[in-house]
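Chemist: Any chance you could fold what I've pasted below:
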Amino acid sequence: MNKKIQLGDRVKDIITGITGIAVATTKWTFGCDRITVQPEGCDEKKEPFPAFSVDEPQLKLVKANVLKLRPIKKTTKKVTGGGGITAGFQVKKMVTRH
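Modeler: Residues are numbered from 1 along each chain as shown. Sure thing, here's the model as predicted:
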C-alpha cells in the first residue's frame, strides 16, 4: 500500500517517468483524486517545464516532504455548484532537499 501523497512531496509518474513536486490536489465528483505535478528544472529558454495533473494511483512517492509547507488560514466557502473546504499552504523555504 502506497503512502498517501502530500503537497510538497517529490513524486514520479509511473507511465511517463517524469518526476516533480506535488503542488496541487483536486477531488472529483465520482471519487477520482488528481494531483498536479510541477517538474523540477527549466528548458533551454529558462522557462519552467509545464505542470501536469494525473490520477493519484499513477504516481509513486520518491521522497516525502521535499518542500517545507506550513498551513495558512482554512476557510469554508460556497463554490458554484456546491460547497467545500478550501485550504492553502505556503512555502516556508524555496530550498528543496535532494
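
Chemist: Which stretches in the chain count as strands?
Modeler: In the chain, the segments counted as strands under DSSP state E are 10-13, 19-27, 33-39, 52-55, 59-63, 69-71, 75-79, 82-86, 89-91.

Chemist: Now for this structure, the helix or strand with the poorest mean pLDDT.
Modeler: strand 82-86 (a mean of 50; mean pLDDT, DSSP states H and E).

Chemist: And residue 67, what's its pLDDT?
Modeler: In this prediction, residue 67 carries a pLDDT score of 89.

Chemist: Burial check on the nearest residue to residue 52 once chain neighbours are set aside, number of neighbours?
Modeler: Leaving aside its sequence neighbours, residue 52 sits nearest to residue 37 (C-beta to C-beta, 6 or more residues apart in numbering; 5.9 Å). The way it works is simple: take the backbone N, C-alpha and C, and place the C-beta from them, glycine included. Counted with other C-beta atoms under 10 Å, residues neighbouring residue 37 total 26.

Chemist: For residue 37, name its beta-bridge partners.
Modeler: Residues in a beta bridge with residue 37, per DSSP bridges, are residue 22, residue 52.

Chemist: Looking at it now. What's its pLDDT?
Modeler: With respect to pLDDT, residue 37 scores 97.

Chemist: now swap in residue 31 and tell me
Modeler: If you check residue 31, the pLDDT there is 85.

Chemist: Could you give the number of residues near residue 42?
Modeler: Neighbour count for residue 42, taken as other C-beta under 10 Å: 10.

Chemist: Please name the residues that touch it.
Modeler: Taking C-beta atoms under 8 Å, 6 or more residues apart in numbering, we find residue 42 in contact with 48, 49.

Chemist: Please tell me how far it sits from residue 50.
Modeler: To residue 50, residue 42 is 11 Å away according to C-beta to C-beta, to the nearest Å.

Chemist: Below-threshold pLDDT in the protein: ranges please.
Modeler: Scanning the chain for pLDDT under 70 picks out 1-2, 71-98.

Chemist: now with 90?
Modeler: 1-4, 28-32, 67-98 (pLDDT under 90).

Chemist: Number of residues surrounding residue 13?
Modeler: Number of residues near residue 13 (other C-beta under 10 Å) recorded here: 17.
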